[in-house]
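# dropping a prediction and its sequence here:
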Amino acid sequence: MSPYAHITGWGMAVPERVLTNAELSLMVETSDEWIFSRTGIRERHIADPEQTTASLAVEASLEALRIARLKPADLDLIIVATSSPEHIFPATACLVQDRIGATKAGAFDLLAACSGFIYGLNMATQAISSGSVHTALVIGAETLSRLVDWKDRNTCILFGDGAGAFVLQAAEERAGVLSAVMRSDGSGSDLLTLPGGGSRFPTTIDTVTQGLHYVQMNGREVFRFATRVMSQSTQEAVAKAGLRLEDIQLVIPHQANQRIIETALKNLEIPPERCFINLDRYGNTSTASIPIATCEAFTAGRLKPGDNIVMVGFGAGLTWGAAVVEWSGPFPGVRKLRPARLRLYARIRSFILRLLRRIDAWMWGRNNP
Ligand code: ACO
């Protein structure tokens, strides 16, 4: 029988700096009343200059590994779902691999916008159930504050920075990720886009002058699309898991907009108390929103072993998807891990590898860039 992918570790990281709606109203023509009534957002966290998508991902990952009682070297696979990678390449996942010292892991980025975490969860689950991977780390990490136009009130009020991570481990017992659905519709690709900086519109003075390096969004159309697909994909994933909506103890939706979530819940006839919402404090952290909400739901005592959860998201692409998870928790064990020590080992290891590469290049007369 194929193994199941259990969620055995979880972690989150958000920058300390909080940007309130009141502060935003000093930057663009808006108000706390407008933002809160249209979105449900009160404040969001914004990365300091030295914080990046990878640094937030590393913090969340080390916490997830600590909870799972695993060493970075136990990981076979690292997936970073992100819409704000550090570079087009190398993958942010490789930077994370190096900074945590995951010596045996393959690493890649996944771009499915805000649905990316659901896609990543499903890809890691499929790798585990095929038997090719035993332990995987799935991360959603963003610094979208670097990609929004802080003069555009349509978008800058929505997004926040942060990261969340899950450790997935193979086990025979039926639990963990029970089903997932992934969908896309590229005919809506113009509704939410960051057009510049890729191969279609490489960065030039013109693209920068036109603001093509910023997020552009048709909010009303995204809203309509989101309310439709959230309920559809939830129903599909629940049916695929062989469950009914009554069997679901908690819905953890992508935290984009309170009204989108409420409409989806109404369509599904799920009462609001069976849904976890924290977007008032974080805004839309894109791929990070579902794992961050999961960490907070656990801390709030909303997740118990045996609970069935639906995680559901949507985003640019257009993409959408949902996963049904039976919560299980860490595997038994007593190993204690210290994230600070792991980070130090990883830094020393990375330094030695870079040094050896330089010495090797010097010894054999190769020019090092
Ligand atoms: N403050 C004050 N007024 C504003 C603001 C603001 N921050 N933003 C827009 N307005 C104005 C508009 O200019 C418009 O004025 P007009 O009528 O004179 O033209 C008016 O408010 C209404 O604008 P709408 O866009 O119709 O407002 P709406 O009620 O649709 O709310 C919002 C806008 C919040 C963006 C909503 O459409 C939404 O949340 N859409 C979904 C967006 C989303 O979830 N995006 C993320 C997807 S996930 C991912 O992949 C990253």
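Received the coordinates, thanks.

# got the contact list for the residue in the stretch 251-369 of the chain that the ligand sits nearest to?
In the stretch 251-369 of the chain, the residue that lies nearest the ligand is residue 315 (2.8 Å; C-beta to the nearest ligand atom). In short, each C-beta sits where N, CA and C put it, glycine included. Going by C-beta atoms under 8 Å, 6 or more residues apart in numbering, residue 315 touches 83, 112, 113, 114, 115, 116, 192, 254, 286.

# pLDDT score for the second one?
Translated: residue 112. Note on residue 112: pLDDT of 98.

# that one: how many residues sit nearby?
Neighbour count for residue 112, taken as other C-beta atoms under 10 Å: 25.

# what's it sitting at in phi/psi?
As for residue 112, its main-chain torsions (degrees, to the nearest 10) stand at phi -140, psi 30.

# give me every residue that touches it.
Listed by C-beta under 8 Å, 6+ apart, the contact partners of residue 112 are 81, 118, 119, 182, 184, 315, 317, 319, 321.

# and the residue nearest the centre of the chain, what element?
The centre of the chain sits closest to residue 140, judged by C-alpha atoms, centre = their mean, with a distance of 2.1 Å. Following DSSP states H and E, the helix or strand that holds residue 140 is strand 135-142.

# after that strand, which helix or strand is next?
Criterion used, DSSP H and E; the element after strand 135-142 is helix 153-156.

# show residues contacting that following helix.
Here helix 153-156 makes contact (C-beta under 8 Å, 6+ apart) with 24, 27-30, 148-150, 214-217, 219.

# what residues does the stretch 151-300 of the chain have near the ligand?
153-154, 157-158, 192, 217, 219-220, 222-223, 226, 256-257, 284, 286 (C-beta under 6 Å from any ligand atom).

# circling back to that earlier point, quick one: which of the contacts of helix 153-156 is most hemmed in?
Tallying neighbours with other C-beta under 10 Å puts residue 215 at the head of the contacts of helix 153-156, with 22 neighbours.

# OK, contacts around that one?
144, 147, 148, 149, 155, 159, 192, 193, 194.

# what is the nearest of those to the ligand?
Closest to the ligand, out of all of these and judged by C-beta to the nearest ligand atom, is residue 192, at 5.4 Å.

# who are the contact partners of the closest one?
Contacts for residue 192 (C-beta under 8 Å, 6+ apart) come out as 113, 215, 216, 217, 218, 222, 315, 316, 318.

# who's in contact with the closest residue to the last one other than its chain neighbours?
Across the structure, with C-beta to C-beta, 6 or more residues apart in numbering as the measure, the residue nearest residue 318 apart from its sequence neighbours is residue 188 (4.0 Å). Shown in contact with residue 188 (C-beta under 8 Å, 6+ apart): 221, 225, 317, 318.

# among those, which ones are in helices?
221, 225 (DSSP state H).

# tell me the one of the contacts of residue 188 nearest residue 171?
Residue 171 lies nearest to residue 317 out of the contacts of residue 188, by C-beta to C-beta, at 32.1 Å.

# surely that closest one meets residue 114?
No. Contact criterion C-beta atoms under 8 Å: residue 317 and residue 114 do not qualify, at 9.1 Å.

# in terms of neighbours, single out the busier of these two.
A count of neighbours by other C-beta under 10 Å puts residue 114 above the other of residue 317 and residue 114, at 30 against 22.

# can you list contacts of stretch 217-229?
154-155, 183, 188, 190-193, 256-257, 259-260, 263-264, 267, 314, 318, 320.

# any idea which helix or strand in the protein has the lowest mean pLDDT?
helix 339-363 (a mean of 93; mean pLDDT, DSSP states H and E).

# among the contacts of stretch 217-229, which lie within helices?
154, 155, 259, 260, 263, 264, 267.

# nearest residue to the last one other than its sequence neighbours?
In this case it means residue 267. Closest residue to residue 267 apart from its sequence neighbours, by C-beta to C-beta, 6+ apart: residue 231 at 4.0 Å.

# now the one you found: how far from residue 269?
10 Å (C-beta to C-beta, to the nearest Å).

# between these two, which is the more surrounded one?
Per other C-beta under 10 Å, whichever of residue 231 and residue 269 has more neighbours is residue 231, with 19 against 9.

# list the contacts for residue 275?
Residues in contact with residue 275 (C-beta under 8 Å, 6+ apart) are 250, 251, 252, 253, 261, 265.

# give me the pLDDT value at the second one.
Turning to residue 251, the model gives it a pLDDT of 98.

# low-scoring stretches of the stretch 251-369 of the chain, by residue?
By pLDDT under 70, the low-scoring segments of the stretch 251-369 of the chain are 334, 368-369.

# neighbours of residue 169, how many?
23.

# please enumerate the strands of this structure.
In the chain, the strands defined using DSSP state E lie at 4-13, 18-20, 43-45, 77-81, 106-110, 135-142, 162-171, 176-184, 192-193, 216-217, 250-253, 308-315, 319-326.

# list the buried ones in the last one?
Along strand 319-326, these residues count as buried under the neighbour rule (16 or more other C-beta atoms under 10 Å): 319, 320, 321, 322, 323, 324, 325, 326.

# who's the last one bridged to?
Under DSSP bridges, the beta-bridge partners of residue 326 are residue 176, residue 308.

# enumerate every residue touching it.
Here residue 326 is in contact with 174, 175, 176, 178, 306, 307, 308, 309 (criterion: C-beta under 8 Å, 6+ apart).

# repeat that for 6 Å
Residue 326 sits next to 175, 178, 308 when contact means C-beta atoms under 6 Å, 6 or more residues apart in numbering.

# right, and the last one touches residue 245 too?
What that stands for is residue 308. No. Here residue 308 lies out of contact with residue 245, judged by C-beta atoms under 6 Å, at a distance of 10.0 Å.

# just want to know which of the two has more residues nearby.
residue 308 (18 against 15).
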